[in-house]
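Q: need a structure here:
(2 chains)
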Amino acid sequence: MRHTIAVLVKDHPGVLARVASLFTRRGFNIESLAVGHTEETGISRMTIIVEGDERVLEQITKQLNKLIDVIRVKDIFPKNSVERELALIKVNTNSLPARSEIIQTVDIFRANIIDVNNQIMTIETTGTEDKINALIELLRPFGLKEVVRTGKIALPRGSVSTSGLNKKAE
Amino acid sequence: MKLTGAQIVVECLKKEDVKVIFGIPGGVIMPVYDVLYSENSIKHILTRHEQGAAHAADGYARATGKVGVCMATSGPGATNLVTGLANAHLDSIPLVAFTGQVSTGLIGTDAFQEVDISGITLPITKNSYVARDVKDLARIVQEAFYIARTGRPGPVLIDFPKDIQLAQTEFKYPESVSLNSYKPTFNGNVKQIKTAAQEISKAKKPIIYAGGGVISSNASSELRDLALKTNIPVTTTLMGLGSFPETHSLSLGMLGMHGTAYANYAVSAADLIIGLGVRFDDRITGKLDEFALKAKIIHIDIDPAEVGKNVLVDIPIIGDTKNILKKLNEYVHKKKETEWLKTVEDFKKKYPLKYSNNEELKPQYIMETINKISKDNTIIVTSVGQHQMWAAQYYQYTQPRSFISSGGLGTMGYGFPAALGAKMGCPEKTVICISGDGSFQMNQQEIATAINNNLAITVIIMNNGYLGMVRQWQEFFFDKRYAETTLNGNPDFVKLVEAYGGTGIRVNKKQELYPALEKALSLDKFVLINCIIPKEENVFPMVSPGSPISKMIGVDKL
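A: Numbers count the residues shown, from 1 in each chain, chains lettered A, B, ... in the order given. Coordinates of the predicted model:
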């Protein structure tokens, strides 16, 4: 099964290596990883997408919790959460008809064109993984020059919070 | 007043009540050694190899329960510590290792004697630090000691660049550690403890399976209270030896791959297993699918990650074993001796530990003899291999911290330096190191350390001229093809010790053993006894890898 794991960590050098090595050791491939600061100074949040056996994942979660610089680990279920990813897509725009078709597609997806010249267009889109996949597939026939994705980030719905420090020993 | 980084570290060590450091100086750790040179309250033991320093610190920690400290320079000094750190990590031993590092400006440039030691040791330390700012130093050292000794103990590494050793700042030792991301659970959940107590009352065939966690949480007397109150037999792991007196009728000795047949049969027949500070390691469970099929499992451990890792647990209780046992003992009811105890007694009578005690100098006989003449305050330290298993089987451990051995990592060469560390920590105790000829040669350079520091330990080499345990496996599983297990070219160990100015005794015959031991133990100095044992003696019982523990080789045969 696919899992979205939120890991709150202290913003120290070496934390990422420690977290990543726990996954590698158990043979897990990290599908995506997004790291950034949180509302609290000195605390970063990693959102990790992995696919794997439930029991092994439980073990990894426990091992993550043992890392001194890890404050909290939470498995986020897609059903009760909002998830977004951002992608930048550079696409060929060699012919005029292609150009207008691309602009239409971008409109339908409520994406943005953020860079353009007579050769290429760079499109910015945010959304769920499925939406981004769909947009990429529609743009593919025009010739994709380059695609970059941030990896998924997620928050639980409603007033539930994944952060909240000092809760590890509950 | 401003202090240098090197001075700050030494001040911190004093605050942490460190009495001994094991280590070797080198290029970029010299500022610290310069401070230690005029520091009287901390003794530095110069080993001959950094691996020896790490194992000695480990042995010191196991013997005393305090945090062991070792120190090395950057590069090769640091990498030589690696085996020792891994060893401490797998056995949950509190250790703080200091490594010198090239100056911060040079880090990452492949400078002379530079390695990324915190990267190398990342998976084998509980935590590690690179001290990049002298202002953080006091906090880092304090945290390192706190992390090493609390929760599930383990090794912590501090990498210490040379320019930070020389940089100056005001020294202030933080009043307390504040780590919002590290809060081990100490007290067990009371509801779970009550449930456990109920299960214990209901159980018809309960057994206690005690491990290293009982020793590290100093819970031996609580374990004894539980066993005696409920009349439940106790088996221990290798790491748990000494947590329950093996002279007691409820003791079943060690279980697992080379455990007693009666312990393995009892575990296999049990309807309730009470695991205390254990991790259901593969050397204990044998074939996992067939381990203790009839039993419910209570698992008490400080590390939540151990619960459900290998076996499914019915009642997990997370917390300090000592605290939990204290509570549990309040809730359990007294139980009389039951039918089950008779069954267990029967196992003991039918399948005792046995060997053919003939005219030869058998290793089992050596352990029995040591057992007879050694006093209560004796610590047995072993390396890894056949001798380790004989030492575990044929000596009766009655005190916690009286058996010191490399469990998880199985480090040959561990025993001798660890024994030196144990003696440093407990000078009033008799320390006997049991080693094989293979293991001893992996760290024999420390003879110099022993003699130089007047460390009066007795080393007994069970010398069979083989890498014995590997040879035993070759005998059973590789058709007696003894590939590279014959130790041709062994030195004359007696002459070797004499070359260092020490005392060596050679024992060829059975009748020479007792006088040699008496002499060694009365001399109050470092003595090595080289015992020539039968070349192809085997360790029995033995559970073949992948078999259930109820199926043992060498039980019926004997």
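
Q: which positions in chain B make contact with chain A?
A: B:118-119, B:122-123, B:126-128, B:130, B:147, B:152, B:179-185, B:303-305, B:308-309 (C-beta under 8 Å from any C-beta of the partner chain). In this view, the C-beta of every residue, glycine as well, is placed from N, C-alpha and C.

Q: out of these, list just those in helices.
A: The helices, defined by DSSP state H, take in B:118-119, B:147 from the residues of chain B next to chain A.

Q: and stretch A:44-61, C-alpha only, in PDB?
A: Backbone C-alpha positions of stretch A:44-61 (Å, rounded to 0.1, in the frame of the first residue of the first chain) are rendered in PDB as follows:
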ATOM      1  CA  SER A  44      11.200  21.200   9.400                       C
ATOM      2  CA  ARG A  45       8.700  18.900   8.000                       C
ATOM      3  CA  MET A  46       9.300  16.100   5.600                       C
ATOM      4  CA  THR A  47       6.500  14.500   3.600                       C
ATOM      5  CA  ILE A  48       7.600  11.100   2.400                       C
ATOM      6  CA  ILE A  49       5.700   8.900  -0.100                       C
ATOM      7  CA  VAL A  50       6.500   5.300   0.100                       C
ATOM      8  CA  GLU A  51       4.900   2.100  -1.000                       C
ATOM      9  CA  GLY A  52       5.300  -1.000   1.100                       C
ATOM     10  CA  ASP A  53       4.300  -3.800   3.400                       C
ATOM     11  CA  GLU A  54       2.200  -2.500   6.400                       C
ATOM     12  CA  ARG A  55       4.300  -4.300   9.100                       C
ATOM     13  CA  VAL A  56       7.600  -3.200   7.700                       C
ATOM     14  CA  LEU A  57       6.300   0.400   7.500                       C
ATOM     15  CA  GLU A  58       5.200   0.300  11.100                       C
ATOM     16  CA  GLN A  59       8.700  -0.800  12.000                       C
ATOM     17  CA  ILE A  60      10.200   2.100  10.000                       C
ATOM     18  CA  THR A  61       7.800   4.500  11.700                       C
END
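
Q: quick revisit: neighbour count and pLDDT added to the ones in helices among the residues of chain B next to chain A, as TSV?
A: TSV is the format used below for these (neighbours: other C-beta atoms under 10 Å in any protein chain shown; pLDDT from 0 to 100):
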residue	neighbour count	pLDDT
B:Ser118	21	96
B:Gly119	14	95
B:Ile147	26	98
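
Q: so where's chain A shaky on pLDDT?
A: Low-confidence regions of chain A, defined here as pLDDT under 70, cover residues A:163-170.

Q: B:Gln474 falls within a helix, correct?
A: Yes - per DSSP: H, G, I helix; E, B strand; the rest coil, B:Gln474 lies within a helix segment.

Q: quick one: contacts for B:Val497?
A: B:447, B:503-504, B:526, B:528 (C-beta atoms under 8 Å, 6 or more residues apart in numbering or on different chains).

Q: what's the average pLDDT for stretch B:542-556?
A: For stretch B:542-556, mean pLDDT is 91.

Q: so what touches it?
A: Taking C-beta under 8 Å, 6+ apart as the rule, stretch B:542-556 contacts B:255-259, B:261, B:264-265, B:267-268, B:284-287, B:290-291, B:351, B:472, B:476-477, B:538, B:540-541.

Q: buried set for that stretch?
A: For stretch B:542-556, burial by neighbour count (16 or more other C-beta atoms under 10 Å in any protein chain shown) applies to B:542-543, B:548-550, B:552, B:554-555.

Q: quick one: B:Asn187 and B:Leu325 touch, right?
A: No - in this structure, B:Asn187 is not within contact of B:Leu325 by C-beta atoms under 8 Å, at 11.7 Å.

Q: before we move on, the earlier item: so which of the buried residues of stretch B:542-556 are in strands?
A: Among the buried residues of stretch B:542-556, none falls in strands (DSSP state E).

Q: for those residues, give me TSV that also has distance to B:Asp110.
A: Output for these, formatted as TSV (distance: C-beta to C-beta, whole Å):
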residue	distance to B:Asp110
B:Met542	48
B:Val543	48
B:Pro548	51
B:Ile549	49
B:Ser550	55
B:Met552	52
B:Gly554	53
B:Val555	56
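
Q: tell me which of these is nearest to chain A?
A: In terms of C-beta to the nearest C-beta, no member of the buried residues of stretch B:542-556 lies closer to chain A than B:Pro548, at 21.5 Å.

Q: which residues sit in contact with the most centrally placed residue in chain A?
A: Residue closest to the average C-alpha location in chain A (C-alpha atoms, centre = their mean): A:Lys152, at 1.7 Å. If you count contacts by C-beta under 8 Å, 6+ apart, A:Lys152 has them with A:4, A:32, A:34, A:47, A:49, A:83-85, A:129.

Q: number of residues surrounding A:Glu146?
A: 10 (other C-beta atoms under 10 Å in any protein chain shown).

Q: just the terminal-to-terminal distance for stretch A:82-101.
A: Start and end residues of stretch A:82-101 are separated by 30 Å (C-alpha to C-alpha, to the nearest Å).

Q: off-centre distance for it?
A: Chain-centre distance of stretch A:82-101: 19 Å, with C-alpha atoms, centre = their mean, to the nearest Å.

Q: would you mark the buried spots in that stretch?
A: Buried residues in stretch A:82-101 (16+ other C-beta under 10 Å): A:83-87, A:89-93, A:98-99, A:101.

Q: of all those, which comes closest to chain B?
A: After measuring the buried residues of stretch A:82-101 against chain B - C-beta to the nearest C-beta - the closest member comes out as A:Glu83, at 25.5 Å.

Q: in a helix, that's where that closest one is, yeah?
A: No - according to three-state DSSP, A:Glu83 belongs to no helix; its state is strand.

Q: nearest spatial neighbour of it, chain-adjacent residues omitted?
A: If you skip the residues right next to it in sequence, A:Glu83 has A:Ala154 as its closest partner in space, 4.2 Å away by C-beta to C-beta, 6 or more residues apart in numbering or on different chains.

Q: state the distance from that neighbour to A:Val73.
A: 14 Å (C-beta to C-beta, to the nearest Å).

Q: those two: who's more crowded?
A: Using other C-beta under 10 Å, the more surrounded residue of A:Ala154 and A:Val73 is A:Val73, with 23 against 20.

Q: pLDDT score assigned to the one residue in the stretch 101-250 of chain B that gets nearest to chain A?
A: Of all residues in the stretch 101-250 of chain B, B:Lys183 sits closest to chain A, at 3.6 Å by C-beta to the nearest C-beta. On the pLDDT scale, B:Lys183 is placed at 91.

Q: so what's the residue count around it?
A: By the criterion of other C-beta under 10 Å, B:Lys183 has 14 neighbours.

Q: could you measure the residue of the stretch 251-400 of chain B found nearest chain A against B:Pro316, distance?
A: Nearest residue of the stretch 251-400 of chain B to chain A (C-beta to the nearest C-beta) works out as B:Ala305 at 3.7 Å. Per C-beta to C-beta, B:Ala305 is found 11 Å from B:Pro316.
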